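In: Next input, structure requested:
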Amino acid sequence: IKQYMKERKITITVGAIERIQEIMADDFVSIIHQLPKLEAAAASTMNIDSEDVDELITGINSHSIWDLTEAIEREDAGGYLEILKYLFINGIKPSFIIGTLISYYHKIYTAKFLMKHRFSIPDIGTVLQQPQFILNKFIALVKNFPDFKIQEVLKLIYRLDYESKTSGEESARISLQNFIFQVKLLK
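Out: Numbering: from 1, shown residues only. Below is the predicted model:
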């Protein structure tokens with residue numbers, strides 16, 4: 001992927017490459033078929049980031065995932081279930097959603113760790129590859145997220161990930177639907 005983009009003078013972030021691997025796993029043929037689409041999308045900026053990958057490969061813009069995580073933070077079960085339904089209707093696999101949630105909450109956990117070790121906000125943004133336009137909002141969320149809760153949410157997500165891999169897609173859908181209620185019980 002790097003070589004393909006480098007030959008076309010397009011920069012691709014590490015996060016974008018990791019996102020392609022999360023979505024496509026080991027399906028190398030499918031990855032190769034996506035490269036021209038990514039190249040065409042990068043024609044104006046000559047840059048590809050993980051948000052570009054989400055929208056181009058899955059057909060869903062990353063705002064849907066942000067909306068999902070915001071609904072979780074507000075503990076808005078109705079909003080969460082509506083967004084989840086939208087994602088399922090649009091063909092987004094539960095494993096993709098779970099992987100995104102793991103990545104999101106891992107970033108929160110990492111940011112909390114970096115803040116405790118007195119990293120500056122711009123340095124945290126750089127380490128986590130958070131775009132500048134959402135960095136302040138993200139840092140405010142991190143500051144208000146209790147240490148206990150992030151650890152418990154990560155445990156829930158990792159258990160959800162394990163169950164989804166051992167019980168099948170339908171079970172993962174149901175578990176994702178129940179996730180919001182499990183989070184609401186964490187106090």
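In: any idea of the pLDDT on F133?
Out: F133 carries a pLDDT value of 69.
In: Quick check: E163 touching I174?
Out: No. Counting by C-beta atoms under 8 Å, E163 sits too far from I174 to count as a contact (9.7 Å). No exception for glycine: its C-beta is placed from N, CA and C like everyone else's.
In: ok, which stretches of the protein are helices?
Out: 2-7, 14-24, 28-41, 50-53, 62-73, 77-89, 94-116, 121-128, 132-144, 147-167, 169-185 (DSSP state H).
In: Of these, which stretch is the most buried?
Out: For these, the largest average neighbour count (mean count of other C-beta atoms under 10 Å) is found in helix 50-53, namely a mean of 22.
In: Any regions of the chain where pLDDT drops low?
Out: Residue ranges of the chain with pLDDT under 70: 25-26, 58-64, 131, 133, 187.
In: Apart from its chain neighbours, what residue comes closest to the residue nearest the centre of it?
Out: Per C-alpha atoms, centre = their mean, the C-alpha nearest to the average position across the chain is that of T100, at 3.0 Å. Leaving out its chain neighbours, the residue that sits closest to T100 by C-beta to C-beta, 6 or more residues apart in numbering is I65, at 5.2 Å.
In: That neighbour contacts D54, doesn't it?
Out: Yes. Here I65 reaches D54: they are 7.1 Å apart, a contact under C-beta under 8 Å.
In: Which residues are in contact with the residue nearest to T100?
Out: D54, I97, T100, Y104 (C-beta atoms under 8 Å, 6 or more residues apart in numbering).
In: From Q34, how far out is the first one?
Out: This points to D54. D54 sits 12 Å away from Q34, taking C-beta to C-beta, to the nearest Å as the criterion.
In: Ok, the last one next?
Out: When distances are taken as C-beta to C-beta, Y104 and Q34 turn out to be 23 Å apart.
In: go on, the second one?
Out: Here the distance between I97 and Q34 works out to 19 Å (C-beta to C-beta).
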